[in-house]
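Asks: Sequence and predicted structure, then a few things I'm wondering about:
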Amino acid sequence: MLDGPELSKGDSFNPSLQRRRNNPEEMTKNFEWVKLRIPTNEKGEAFYSSIDDTNELNVITWAVWIETGRVGETGRGEAPAFIVDNLRGNFPNGLHLKSKGCETAINIGCNKTYAIGEFDDKSVSTFGIRVFDKSTGEWVIPIVLGTKPKPSKGHSAIVLDEDRILVIKANTTSDDSFWFLEVNTAFVREQRIRLGTEVVAWSKGVIGEAEKPIVISGPSGVGKGTLISKMMEEFPSMFGFSVSHTTRAPRNNEQNGVHYHFTERSVMEKDIEDGKFLEFAAVHGNLYGTSVEAVDVVSDRGKRCILDIDVQGARSVRASSLEAIFIFICPPSFEELEKRLRARDRRTGPKTTPNAKAELEQGNSPGLFDHILVNDDLEACYEKLKKLLGLTHGVKRPEESVLELVTVPLEHTVSKIDRKILVNCGAAEQEKSAVNMFVLDLASIKGGAPGRTRGLNIYAVDPSLDSFIGTQVWS
Ligand SMILES: Nc1ncnc2c1ncn2[C@@H]1O[C@H](COP(=O)(O)OP(=O)(O)OP(=O)(O)O)[C@@H](O)[C@H]1O
Ligand SMILES: Nc1nc2c(ncn2[C@@H]2O[C@H](COP(=O)(O)O)[C@@H](O)[C@H]2O)c(=O)[nH]1
């Protein structure tokens, strides 16, 4: 075992160093153990220790990949140089995960180190994040936005560009394995200014693209709900409805979480303030809104999301980062709209249309809607709607790729070249799983907090090949 260099406060480690407090003998031969003497402050807190390490020794044992030779270097946060021609080795480089309750540290730029870990405190239901700011020499607990991952029994982390960190959770399903901690994206920078403090944001990585959501808008009573119900009935596996939040009271037979999330105004206003809504509007004196989560949960199930929102809401979504198809449903005449509403109100209670005239005018505003459909004859309008969405009877969702069922084991290594991340699940797993080594291709990722990061591509790599780049053997 080597003795590491004496570090000064403010020095940082290569992020591929994984803090370990338990037995060095557990590590594989690919790692060398190095003891780093870490200065402590007057309270006995070690510069690099986690919160529960207070009063611990001032010598902490770290696992260090022997080939990096960068211990104590103030790095840029990159993984050690990647060894492309040695893929047959069990752990070509990077981090060998085995520990429980581990914490990874990533440097971004020259100034900040992000410690990502799981708190031992079971009441904390997500990863702990701490940021060390070298310019002040202080640790800061940031405000954490976005959809937060549940803690896992191990993870690895690797920096992408200078604005986000990819976190790979072990022993979980593929739809929960890949997460992005945004540390300097446009969204995070905006929120940092707004909140006046350190901010990070989680964004869940989703394999593949989701089809663009469909925004259906138009005046109340025009037939939006009727058309949407027909579509959901005919293509149940293709579409999912975005369940809006509203402050209005439930009507007969309306279920919370199914028709709407019925909510208190103060709660909804706070959530709007916290950026959880894609859009919101006051309709007939009540607040209505689409949360980012409402659209994401539908897309995560592999379904195409349908939003039934008023024209103000459509305008807000158009101005947001959500790419969608916007369809305006128009009545054949204002008189016919009033007739339909009167007929419906006899069944469901009175409802006014103070906005209808203005909404009809706005429906024709240039650049707002991609398609305008006149709902005169219901069946004819429905056929037109299907046609413009390219739907024919019996359209099925594509089969799930086998690789979408990948689970990353606790022991894995991660390496990066450009936008490709090689994940090696290790020789021990080889017999158990057909997918022993795979590439996560981030070339086409889109989105991010406050929604999901989509467009991850994943493909298996044949470990007998010397190079993985561009080699797609199975997907
Ligand atoms: N093409 C049509 N011809 C005649 N009646 C129709 C047609 N389309 C829908 N309707 C009827 O018009 C009424 C209003 O339709 P629906 O509730 O679907 O409107 P909506 O746009 O969803 O309204 P809201 O925005 O208030 O929820 C219903 O009673 C429905 O059966
Ligand atoms: N901007 C939004 N408008 C919404 C949303 N959900 C529903 N609506 C619109 O509200 C009116 C009234 O609906 P009702 O269920 O009370 O009859 C209707 O025009 C809906 O399109 C939303 O999330 N955002």
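Replies: Perfect, thanks for sending it. Ligands and ions are numbered 1, 2, ... in the order given.
Asks: Which residue is the nearest non-sequential neighbour of M238?
Replies: The shortest distance from M238 to any non-neighbouring residue, by C-beta to C-beta, 6 or more residues apart in numbering, is to R304 (5.9 Å). C-beta here means a position set from N, CA and C on the backbone, and glycine is covered the same way.
Asks: Can you report how many residues neighbour the one you found?
Replies: 19 (other C-beta atoms under 10 Å).
Asks: can you check the one 4 residues further on too?
Replies: Using other C-beta under 10 Å as the criterion, D308 is surrounded by 20 other residues.
Asks: and the residue of the stretch 101-250 of the chain at minimum distance from ligand 2, how many residues sit next to it?
Replies: Using C-beta to the nearest ligand atom, the single residue of the stretch 101-250 of the chain nearest to ligand 2 is S244, 3.0 Å away. Residues lying near S244 (other C-beta under 10 Å) number 21.
Asks: That one and ligand 1, how far apart?
Replies: S244 is 11 Å from ligand 1, where distance means C-beta to the nearest ligand atom, to the nearest Å.
Asks: Quick check: that residue vs V283, distance?
Replies: 10 Å (C-beta to C-beta, to the nearest Å).
Asks: Helices of the chain, start to end?
Replies: 174-177, 186-195, 224-234, 265-273, 292-300, 311-319, 334-348, 356-363, 378-388 (DSSP state H).
Asks: need the ones you listed in CSV with mean pLDDT, can you?
Replies: CSV is the format used below for the helices of the chain (pLDDT from 0 to 100):
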stretch, mean pLDDT
helix 174-177, 89
helix 186-195, 93
helix 224-234, 94
helix 265-273, 94
helix 292-300, 93
helix 311-319, 93
helix 334-348, 80
helix 356-363, 83
helix 378-388, 95
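Asks: Which positions in stretch 161-172 come out as buried?
Replies: 163-170, 172 (16 or more other C-beta atoms under 10 Å).
Asks: what about that stretch, start to end distance?
Replies: One end of stretch 161-172 sits 26 Å from the other (C-alpha to C-alpha, to the nearest Å).
Asks: quick check: mean pLDDT across it?
Replies: The pLDDT scores in stretch 161-172 average 91.
Asks: if we can go back for a sec, just list the residues touching the residue nearest to M238, thanks.
Replies: 210-214, 238-240, 298 (C-beta atoms under 8 Å, 6 or more residues apart in numbering).
Asks: My read is that D296 contacts A449, right?
Replies: No - applying C-beta atoms under 8 Å as the test, D296 and A449 come out as separate, 11.0 Å apart.
Asks: where do the contact lists of the two overlap?
Replies: T147.
Asks: Tell me which of these two has more neighbours.
Replies: The neighbour count for D296 versus A449, taken as other C-beta under 10 Å, is higher for A449 (26 against 23).
Asks: wait, what's in contact with that one?
Replies: 145-147, 180, 182, 185, 187-188, 201-203.
Asks: follow-up on the earlier one: pretty sure the residue of the stretch 101-250 of the chain closest to ligand 2 is touching Y288, no?
Replies: Yes - in this structure S244 lies within contact range of Y288 using C-beta under 8 Å: 5.6 Å.
Asks: Next one: E264 from ligand 1, what distance?
Replies: Taking C-beta to the nearest ligand atom, one finds E264 at 22 Å from ligand 1.
Asks: any idea of the pLDDT on that residue?
Replies: For E264, pLDDT reads 97.
Asks: What of I116?
Replies: 89.
Asks: Kindly report the same for R19.
Replies: In this prediction, R19 has a pLDDT value of 35.
Asks: now swap in G94 and tell me
Replies: Reading off the model, G94 has pLDDT 31.
Asks: do the one 3 residues further on as well
Replies: Per-residue pLDDT puts L97 at 32.
Asks: what residues does the protein put near ligand 2?
Replies: Selection of the chain residues close to ligand 2 by C-beta under 6 Å from any ligand atom yields 220, 244, 248, 279, 281, 283, 288-290, 308-310, 312-313.
Asks: List just the nearest of these to C110.
Replies: E279 (38.9 Å; C-beta to C-beta).
Asks: got a list of what that closest one touches?
Replies: Contacts of E279 by C-beta under 8 Å, 6+ apart are 289-290, 309, 313, 316-317, 320.
Asks: And for R419?
Replies: Taking C-beta under 8 Å, 6+ apart, one finds 160, 441-443, 445 in contact with R419.
Asks: okay, among the residues you listed, which ones form the most distant pair?
Replies: L160 and D441 (12.2 Å).
Asks: what about the residue lying closest to A115 once chain neighbours are set aside, how many neighbours?
Replies: Spatial nearest neighbour of A115, excluding adjacent residues (C-beta to C-beta, 6+ apart): R130 at 4.4 Å. Burial of R130 is recorded as 18 neighbouring residues (other C-beta under 10 Å).
Asks: Quick check: R130 vs ligand 1, distance?
Replies: 47 Å.
Asks: Ok, F132 next?
Replies: 51 Å.
Asks: close enough to count as contact, that residue and I141?
Replies: No - between F132 and I141 there is no contact under C-beta under 8 Å: 11.2 Å.
Asks: More neighbours: which of the two?
Replies: A count of neighbours by other C-beta under 10 Å puts F132 above the other of F132 and I141, at 21 against 12.
Asks: do you know how far the residue nearest to M238 is from T172?
Replies: For R304, the distance to T172 - C-beta to C-beta - is 26 Å.
Asks: interface residues of the protein facing ligand 1?
Replies: 218, 220-226, 340, 343-344, 375, 377-378.
Asks: Make a markdown table out of the helices of the chain and add distance to H259.
Replies: Putting the helices of the chain into a markdown table (distance: least, C-beta to C-beta, whole Å) gives the following:
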| stretch | distance to H259 |
| --- | --- |
| helix 174-177 | 26 |
| helix 186-195 | 30 |
| helix 224-234 | 10 |
| helix 265-273 | 16 |
| helix 292-300 | 12 |
| helix 311-319 | 16 |
| helix 334-348 | 13 |
| helix 356-363 | 22 |
| helix 378-388 | 21 |
